[in-house]
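# can you look at this prediction? I've put the sequence above it.
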Amino acid sequence: MNTIIEPFKIKTVEPIYFTTRDERAHILRQAHYNPFLIKARDVIIDLLTDSGTSAMSSEQWAGVMRGDESYAGSDSFFRFEEVVKQITGMPFIIPTHQGRASEKILFTIVGGIGKYVLSNTLFDTTRANVEFSGAEGVDFRCTEGMDPALDAPFKGNLDISALQSFIVDKGIADSSMVMLTVTNNSGGGQPVSMRNIREVSALCKQYQIPLFIDASRFAENAYFIKLREAGYETKSILEIAQEMFSHTDGCIMSAKKDAFANIGGFIGIRDEQLAEKCKNLLIMTEGFLTYGGLAGRDLEAIAIGLREVMEEDYLTYRIRSIKYIGDKLDVFGIPYIKPTGGHAVYLDAKRFMDHIPVCQYPGQALSNALYLEGGIRGVEIGSVMFGKYAIDGSLIPPSMELVRLAIPRRVYTQSHIDYVAEVIVEVYKKRREFNGYQIIFESPSLRHFTARFDPV
Ligand code: F0G
C-alpha cells in the first residue's frame with residue numbers, strides 16, 4: 001500500500017477553535033502583527049514549534065501515573081538513566097528541565113572568554129548560552145546547506161576543511177568544544193551523515209577538542225542515515241543512534257523534541273571530571289542528581305518516549321508526512337528549503353514574497369499572511385530573528401529569510417496537513433496583495449519574541 005497512515009489512533013482530543021478571516025485580522029492587529037503575541041486558542045493549526053508540543057502515548061500517560069516522586073534515588077530516574085545510557089553509551093547522565101538548562105550548565109563550565117564553540121549550526125539558545133559564558137559560537141555549515149533550492153541528502157553537515165582551517169588559524173587551545181546539531185534545526189532540519197560525524201570526530205581527536213552532539217532530534221537524524229547513507233539500510237535506529245554517539249564525548253538533549261515529552265532534557269558525558277563539575281552546578285541550579293529540574297513523572301515520560309521515537313513505523317510516518325507538504329508545494333513551484341527536513345517545512349520567504357524588500361521583513365509578512373488566511377501560526381527565521389543593525393542604522397540581514405512550519409509530533413492528522421498546504425497555496429496565489437512591515441518596538445536581545453510591527 002502506498003498510503004502512509006498515522007501509526008496511532010486517538011484516545012483523547014483537544015478542541016480547535018475556529019475564527020473567521022475578519023476576526024483574525026483583528027487578532028493580528030491586537031497582537032501588533034507578531035504571531036508570538038497571539039493567544040494559542042486563536043490559532044487553528046499551531047506550527048510555531050515541535051518542542052514540548054507532542055501528543056504523549058497511552059504508555060507515557062501510564063508512566064506518568066507510575067512516576068516516583070522521591071527526592072533522591074527515584075525509581076523513575078533509574079528507568080530514565082537506563083534508556084539514555086543504552087542509546088548514548090554515556091556513563092554519566094544528568095537530567096535537566098530542558099535543553100537550554102543543559103546548555104547553561106555545560107557552557108558555564110567549558111565556555112568562557114577567549115573560548116570558541118564550533119558547530120555545523122548552533123541553535124539560538126545554544127548560541128545565547130555560549131555567548132553568555134563569554135565564549136564565541138562559530139558555525140561551519142557545509143556549502144550545500146547554504147542553497148535553499150538544492151536537493152542534497154545531508155545538508156546539515158559541518159564543513160570539515162573550514163573547521164580545520166579555523167582551528168589551525170586560531171590555535172587549538174582556544175577551541176573549547178565542537179557541537180554538532182542533529183538534525184540541524186537552524187539549517188532547515190537537515191540531517192548530518194554518519195560519515196560527517198566520523199570525520200568531525202577524527203579531526204577533534206587529532207586536535208584534542210571534545211565533540212558533543214546536540215541530540216534533540218537524534219532519532220529523525222538516525223532515520224535519514226538509514227534512508228540515505230550506504231551501509232545503514234538494514235541497521236536498526238537504535239544501532240545507528242548508538243554509532244552516532246559512539247564518535248562523541250558527550251551530548252545535550254532537549255527531550256521536548258525526540259522524546260515526545262512536554263518538558264525535560266539531559267546531559268550525557270563520558271569524562272568523569274567534567275561530569276562531576278556539571279553535577280555540582282546541577283544541584284545548585286536545577287535540583288538533585290536524580291531529578292534535575294523535573295518531576296519523577298516527567299522522567300518516566302521521557303524514558304518511554306525515547307523508546308517509542310525509535311520505532312520505524314513512527315519515523316516512516318513522521319518523515320513522509322513532512323515530505324507530503326513539500327510535494328504539495330512543488331505542484332505550484334512554491335519555494336522552500338529542499339529537501340524537506342525532519343521536523344518542519346521552511347518556506348523561502350525571500351523568493352515567496354519577492355516583492356517585499358528584506359528591510360520590510362518578507363518572513364514576517366508571510367508568517368502573518370498564513371495566519372490571516374488560515375489561522376496557521378509559523379515562525380519567522382530571518383531578519384526579525386537574526387537581523388543586526390549597521391552603525392548607520394541600516395539592517396544587516398542574515399543569509400536567508402525563512403518561515404518555519406514545525407510539525408508537532410503525533411498531533412495533527414492528514415486532513416490538518418492538507419489544510420495547511422491549501423492555505424500556503426492560497427497565500428502564494430495572492431502573495432502580491434500582502435505588504436511588508438516595519439518594527440515599531442523591540443527589546444535589546446531576542447527581539448522576535450516581543451517586537452511590535454506596523455504594516456508598511
Ligand atoms: N537545541 C536545539 C537543536 C533546539 O531546537 C532547541 C529548541 C534547543 C536546543 C533548546 O531546547 O527549548 O528545551 O530549551 N528548539 C525549540 C524550537 C525551541 O522551536 O526549535 P529547549
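All right, it came through fine. From a predicted model like this one, the values you see are computed outputs, not experimental measurements. Numbering: from 1, shown residues only.
# and the chain, which residues reach the ligand?
By C-beta under 6 Å from any ligand atom, the residues of the chain that approach the ligand are 49, 51, 98-100, 123, 125-126, 181, 185, 214, 216, 254, 256, 265. To be clear about C-beta, it is placed using only N, CA and C from the backbone, and glycine gets the same treatment.
# and these, which are buried?
The neighbour-count test (16 or more other C-beta atoms under 10 Å) marks 49, 51, 98-100, 123, 125-126, 181, 185, 214, 216, 254, 256, 265 as buried among the residues of the chain next to the ligand.
# just name the closest of the residues you listed to Leu299, please.
Using C-beta to C-beta, Gly265 comes nearest to Leu299 of those, at 11.0 Å.
# please look at that closest one and Ile105 and confirm they touch.
No. The criterion here is C-beta atoms under 8 Å, and Gly265 misses it with Ile105 at 10.1 Å.
# intersection of neighbour lists for the two?
Residues touching both Gly265 and Ile105 (C-beta atoms under 8 Å, 6 or more residues apart in numbering): Thr96.
# can you give the domain ranges for this structure?
Following automatic domain parsing, one finds the domains of the chain at 21-50+311-455, 58-308.
# most tightly packed of those domains?
domain 58-308 (a mean of 20; mean count of other C-beta atoms under 10 Å).
# need the mean per-residue confidence for that one.
The average pLDDT within domain 58-308 is 96.
# could you work out the end-to-end span of that domain for me?
11 Å (C-alpha to C-alpha, to the nearest Å).
# now do stretch 166-179
15 Å.
# with stretch 170-185 instead?
27 Å.
# mind checking how far that stretch is from the chain centre?
17 Å (C-alpha atoms, centre = their mean, to the nearest Å).
# any idea which helix or strand carries Asn2?
Here Asn2 is covered by no helix or strand, with elements defined by DSSP states H and E.
# tell me which residues touch the residue nearest to Leu211 when sequence neighbours are not counted, please.
Spatially, and ignoring its direct neighbours in sequence, Leu211 is nearest to Cys204 (4.2 Å; C-beta to C-beta, 6 or more residues apart in numbering). Contacts for Cys204 (C-beta under 8 Å, 6+ apart) come out as 178, 210-211, 249.
# next SSE downstream of the helix or strand Cys204 falls within?
Per DSSP H and E: Cys204 is located in helix 194-207. On the C-terminal side of helix 194-207, the nearest following helix or strand under DSSP H and E is strand 211-214.
# got the angle for the helix or strand just after that following strand vs helix 194-207?
Sequence order places helix 218-228 as the next helix or strand after strand 211-214, per DSSP H and E. Here the directions of helix 218-228 and helix 194-207 differ by 120 degrees (axes from the mean of the first three to the mean of the last three C-alpha atoms, to 10 degrees).
# which residue packs closest to Asp42, ignoring adjacent ones?
Ile27 (5.0 Å).
# tell me the SS of the closest residue to Ile376 other than its chain neighbours?
Leaving aside its sequence neighbours, Ile376 sits nearest to Leu370 (C-beta to C-beta, 6+ apart; 4.5 Å). Classification of Leu370 by DSSP: H, G, I helix; E, B strand; the rest coil places it in helix.
# so which residue of the stretch 101-250 of the chain comes closest to the ligand?
Taking C-beta to the nearest ligand atom, the ligand has its nearest neighbour within the stretch 101-250 of the chain at Phe123, 3.6 Å off.
# mind listing what that residue touches?
For Phe123, counting by C-beta under 8 Å, 6+ apart, the contacting residues are 99, 181, 185-186, 214, 216.
# next SSE downstream of the top helix by length along the chain?
Taking DSSP state H as the criterion, the chain has its longest helix at helix 312-330. Later in the chain than helix 312-330, the nearest helix or strand by DSSP H and E is strand 344-348.
# quick check: end-to-end length of stretch 306-315?
12 Å.
# need the residues that contact it.
Under the contact criterion C-beta under 8 Å, 6+ apart, stretch 306-315 has outside partners 7, 57, 59-60, 83-84, 87, 219-220, 222-223, 236-238, 241, 255, 258-260, 410.
# contacts only, for the residue in the stretch 351-456 of the chain that the ligand sits nearest to.
When scored by C-beta to the nearest ligand atom, the stretch 351-456 of the chain has Ala406 as its residue closest to the ligand, at 6.0 Å. Contacts for Ala406 (C-beta under 8 Å, 6+ apart) come out as 47-51, 343-344, 378-379.
# show me where the stretch 1-150 of the chain has strands.
When assigned using DSSP state E, counting those that start in this stretch, the strands of the stretch 1-150 of the chain occupy the ranges 45-46, 92-96, 116-119, 136-139.
# name the strands paired with the third one and say parallel or antiparallel.
Right, the one you point to is strand 116-119. In the sheet, strand 116-119 lines up against strand 136-139 (parallel), strand 175-181 (parallel) (DSSP bridges).
# give the next helix or strand downstream of the first one.
Beyond strand 136-139 in the direction of the C-terminus, DSSP H and E gives the next helix or strand as helix 160-170.
# and the residue located most distally from the centre of the chain, helix, strand or coil?
What lies farthest from the middle of the chain is Asp392; by C-alpha atoms, centre = their mean that is 33.7 Å. Classification of Asp392 using three-state DSSP returns coil.
# and it, its phi and psi?
Dihedral angles of Asp392 (phi, psi; degrees, to the nearest 10) stand at phi -80, psi 10.
# check what pLDDT it gets.
Model confidence at Asp392, given as pLDDT, is 93.
# same question, Met1
Here, the pLDDT recorded for Met1 equals 79.
# residues contacting it?
Counting by C-beta under 8 Å, 6+ apart, Met1 has no contacts.
# from Ala421, how far off is it?
22 Å (C-beta to C-beta, to the nearest Å).
# now the residue of the chain found nearest the ligand: closest residue in space, sequence neighbours ignored.
Nearest residue of the chain to the ligand, counting by C-beta to the nearest ligand atom: Gly99, 2.4 Å away. Using C-beta to C-beta, 6+ apart and skipping the chain neighbours, the partner closest in space to Gly99 is Ser254 (2.8 Å).
# next, the one you found: phi, psi?
When read as degrees, to the nearest 10, the backbone of Ser254 gives phi -90, psi 110.
# isn't Leu118 right next to Ala162, touching?
No. Between Leu118 and Ala162 there is no contact under C-beta under 8 Å: 9.6 Å.
# mutual contacts of the two, please.
Common neighbours of Leu118 and Ala162 (C-beta under 8 Å, 6+ apart) are Phe140.
# give the contact list for the residue positioned nearest the centre of the chain.
By C-alpha atoms, centre = their mean, the mean C-alpha position of the chain lies nearest to Asn185, the distance being 4.3 Å. Residues near Asn185 by C-beta under 8 Å, 6+ apart: 121, 123, 216-217, 343.
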